[in-house]
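Student: coordinates only, sequence not included:
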């Protein structure tokens, strides 16, 4: 929510420093993300160079057909000559002028200069040149004002905007008046009455034909009829306020509906009466198979649950979301039907989500707009349409059943003190609540704009607490008992996090959604957000590769990232969720294997590696354990030498021993030898190690491969694997003869099982 401070001052006197106001609002009400300053720079004396002028003469430039040569009275006695390229004014017009030396919002400083041989001593301003609008087709023609008047007294040349992020349960804060109410309460300032009064001159004698078939979906519908409407540009002040609040000006009637929505929080809609079949409005549910083309030009298929605004024959608007293309206000519109309604939030939310159509209006309705707000919104809009479009208000209807009662809530000030943990005087509590709109007696009566979410005593306590939030002590609740314990998988997850962080890796979080073509097996969302976020990922590594790539592009070095998250594997109607750990590190195969070895060692488990092929991994530098894969990333995937792994935590848990038993430290010396075996190419080193341990028993302490050779000496289709072998007994010192016997048993088993030949 963008809150222009000048607009806020219409409702509450804002005189405190804005930084202080932003801090207090952030603590008590809603986060203020920043303060944006727009318009003309406020450097020394700059605003004084912007003045109101009256055009005394306006003639064609003698040397340019498209320029006017003007003499402008600026209250200085002697008129100034100014060259202007616009033709939407003439002698007698009141205009906005910037003098030489003035700095415009874009940082450009004006100078006195000659244009086609004629001196131009200033600039007659268009609205976009001072950020008061988007139009550059002509200059601003102002209401009659004394020449020389500072332009800042007539137009909002400088604006400060609070960037407020309200919570989902506070729709009242999606309005200027709602924010003003909070400011008035915080600083004990006088709050202006709710803006908007019906015009005094009126002839409201025509019937507005409105039928509400579904009061559950539309608790209230106010319809107002206007004749002799002149659709055109809005006044500069109205355009400026909409722009500063983040909305694009369109035309006076449409701008009024948006202005009222921003001012009070109740969205409105205007229909061109001539396009309504039968000149009537019907609020109903959609008919099966019905469609509507909305204002954005999209043909939308409707469902029977969708609440519609219809005429005698067809739907003309998605209630609370967007109007239809056929009934929009245009330049030729002369009769307008204004809708000031109230809609039930859940239905609006469902329709908006299903159609993936989010608007400023739907954002407010789905949070629950006060049904009592429709009337003041209709009054304010009526007044502004009459002012800005020269319209006559000729018809009015207000349809509703019983509107909701305000919640009556038991409240005990002493109970608030106990829950808050702070002593607060009861009279100060009462004053604060009354300033927020609550009525106090034996019980508390919530205001209509808070009736949906302040319904219990604890809700009122929360209202009291936010006033003194800065003073509330930071205390943890006392724990009298402790229930539950971590599951084995949760303990494993924490151990893995600690180990990887201790090895220098940084934990990261990446999205669970991937592009539609990421994996043909992946489970696709029924209603994807976009083509880039359409399927649930089946592995973590592609996301980590992208994260590493972004880090490298930003100049990071020695990147080492890991993530523990869920993956989603196809399994019937719903995906099977598994928790994986994956990592990517600068350094290639050796670093990835070292991390995996360290991880297994911390779990007192022994990994068994085997060869595997994977699209992401380098051929010949990839392996798998029972829990997952590891290896060197293929250079085509990411430039550089990268090591990666991805393990399934549930399988890693299965590989970890349930209990670790102590074994005595062996004090007898070991006998170490190097053995090399020639074996068929398809035989893995891990298979040889496992068979050797089976043959030699516990006296084979270690057998670790350290070299692989392929060449003529071992023959085609074969390879030689060299191992470092360690023999050791826990009972005695082994002799050379003992070691030779163990070696022979190993050679025999490997030869018989794999056709292995001892080379050394």
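Tutor: Done, it's in. Since the model is a prediction, treat every value here as computed from it, not as a measurement.
Student: Would you map the strands across the stretch 301-450 of the chain?
Tutor: Counting by DSSP state E, counting those that start in this stretch, the segments of the stretch 301-450 of the chain that form strands are 307-310, 315-318, 322-323, 336-342, 392-400, 408-409, 439-440, 444-445.
Student: And the stretch 101-250 of the chain, by the same measure?
Tutor: For the stretch 101-250 of the chain, the strands defined by DSSP E, counting those that start in this stretch occupy 113-115, 118-120, 123-124, 141-142, 158-165, 209-212, 220-227.
Student: So which of the ones you listed is the most surrounded?
Tutor: Highest mean neighbour count among the strands of the stretch 101-250 of the chain (mean count of other Cβ atoms under 10 Å): strand 123-124, with a mean of 24. Glycine gets a C-beta too; all of them are placed from N, C-alpha and C.
Student: From the contact counts, what lies against it?
Tutor: strand 80-84, strand 94-98 (3 or more Cβ pairs under 8 Å, 6 or more residues apart in numbering; DSSP states H and E).
Student: repeat that for 6 Å
Tutor: On a contact count with 3 or more Cβ pairs under 6 Å, 6 or more residues apart in numbering; DSSP states H and E, strand 123-124 meets strand 94-98.
Student: Tell me what angle the strand it packs on forms with strand 80-84.
Tutor: With axes from the mean of the first three to the mean of the last three Cα atoms, to 10 degrees as the basis, strand 94-98 and strand 80-84 are set at 90 degrees to each other.
Student: Pairing partners for strand 94-98, with directions?
Tutor: Strand 94-98 pairs in its sheet with strand 50-60 (antiparallel), strand 123-124 (antiparallel), strand 141-142 (antiparallel), by DSSP bridges.
Student: Throw these into TSV and include distance to residue 27 and mean pLDDT, thanks.
Tutor: Listed next are the strands paired with strand 94-98 as TSV, based on distance: least, Cβ to Cβ, whole Å; pLDDT from 0 to 100:
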stretch	distance to residue 27	mean pLDDT
strand 50-60	37	95
strand 123-124	44	96
strand 141-142	42	92
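Student: Need the winner for burial among the ones you listed.
Tutor: strand 123-124 (a mean of 24).
Student: Now do the contacts for residue 176.
Tutor: 7, 263 (Cβ atoms under 6 Å, 6 or more residues apart in numbering).
Student: ok, now residue 510?
Tutor: Per Cβ under 6 Å, 6+ apart, neighbours of residue 510: 543, 547.
Student: That one sits in which helix or strand?
Tutor: Here residue 510 sits in a region with no helix or strand, counting by DSSP states H and E.
Student: How about the backbone phi and psi for it?
Tutor: As for residue 510, its main-chain torsions (degrees, to the nearest 10) stand at phi -120, psi 160.
Student: Equivalent analysis for the one 3 residues further on, please.
Tutor: The main-chain torsion angles of residue 513 are listed as degrees, to the nearest 10 and equal phi -100, psi 140.
Student: now residue 600
Tutor: Residue 600 adopts backbone torsions of phi -60, psi -40, taken as degrees, to the nearest 10.
Student: And the strands paired with strand 94-98: which comes nearest residue 563?
Tutor: Residue 563 lies closest, by Cβ to Cβ, to one member of the strands paired with strand 94-98: strand 50-60, at 55.3 Å.
Student: Tell me which stretches of the stretch 651-760 of the chain form strands.
Tutor: Taking DSSP E, counting those that start in this stretch, the strands of the stretch 651-760 of the chain run over residues 671-680, 700-709, 718-727, 757-758.
Student: List the neighbouring strands of the last one plus their orientation.
Tutor: Going back to what we said before, that points to strand 757-758. Here strand 757-758 is paired, per DSSP bridges, with strand 671-680 (antiparallel).
Student: cool, the second one as well?
Tutor: Based on DSSP bridges, the pairing partners of strand 700-709 within the sheet are strand 718-727 (antiparallel).
Student: hmm, who's touching the strand it pairs with?
Tutor: 670-678, 680-681, 685, 699, 701-710, 714, 734, 739, 742, 759.
Student: before we move on, what about stretch 733-752?
Tutor: Outside stretch 733-752, the residues that touch it by Cβ under 6 Å, 6+ apart are 668, 669, 671, 688, 691, 692, 695, 696, 727, 756, 758.
Student: so which of these comes closest to residue 185?
Tutor: residue 688 (79.1 Å).
Student: Just the pLDDT for the residue lying closest to residue 370 once chain neighbours are set aside.
Tutor: Excluding its sequence neighbours, the residue lying closest to residue 370 (Cβ to Cβ, 6 or more residues apart in numbering) is residue 449, at 4.3 Å. Residue 449 is assigned a pLDDT of 95 by the prediction.
Student: Repeat that for residue 391.
Tutor: Looking at residue 391, the pLDDT reads 95.
Student: So what's the residue count around it?
Tutor: 25 (other Cβ atoms under 10 Å).
Student: now swap in residue 468 and tell me
Tutor: Residue 468 sits with 18 neighbouring residues when counted by other Cβ under 10 Å.
Student: separation between it and residue 422?
Tutor: To residue 422, residue 468 is 6 Å away according to Cβ to Cβ, to the nearest Å.
Student: related to what we said a few turns ago, now distance to residue 719 too, for the strands paired with strand 94-98, in CSV please.
Tutor: Listed next are those as CSV, based on distance: least, Cβ to Cβ, whole Å:
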stretch, distance to residue 719
strand 50-60, 85
strand 123-124, 84
strand 141-142, 90
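Student: Give me the contacts around stretch 138-156.
Tutor: 6, 47, 50-54, 73-75, 86, 88-89, 93-96, 124, 126-127, 236, 240.
Student: buried subset of those?
Tutor: Neighbour-count burial (16 or more other Cβ atoms under 10 Å) applied to the contacts of stretch 138-156 gives 6, 47, 50-54, 73-74, 86, 89, 93-96, 124, 126-127, 236, 240.
Student: which intervals of the chain have sub-threshold pLDDT?
Tutor: Scanning the chain for pLDDT under 70 picks out 201-202, 659-662, 760.
Student: list the contacts for the nearest residue to residue 409 once chain neighbours are set aside?
Tutor: Setting aside the residues directly before and after it, residue 409 is nearest to residue 444 in space (Cβ to Cβ, 6+ apart), at 4.8 Å. Shown in contact with residue 444 (Cβ under 6 Å, 6+ apart): 409, 411, 438, 460.
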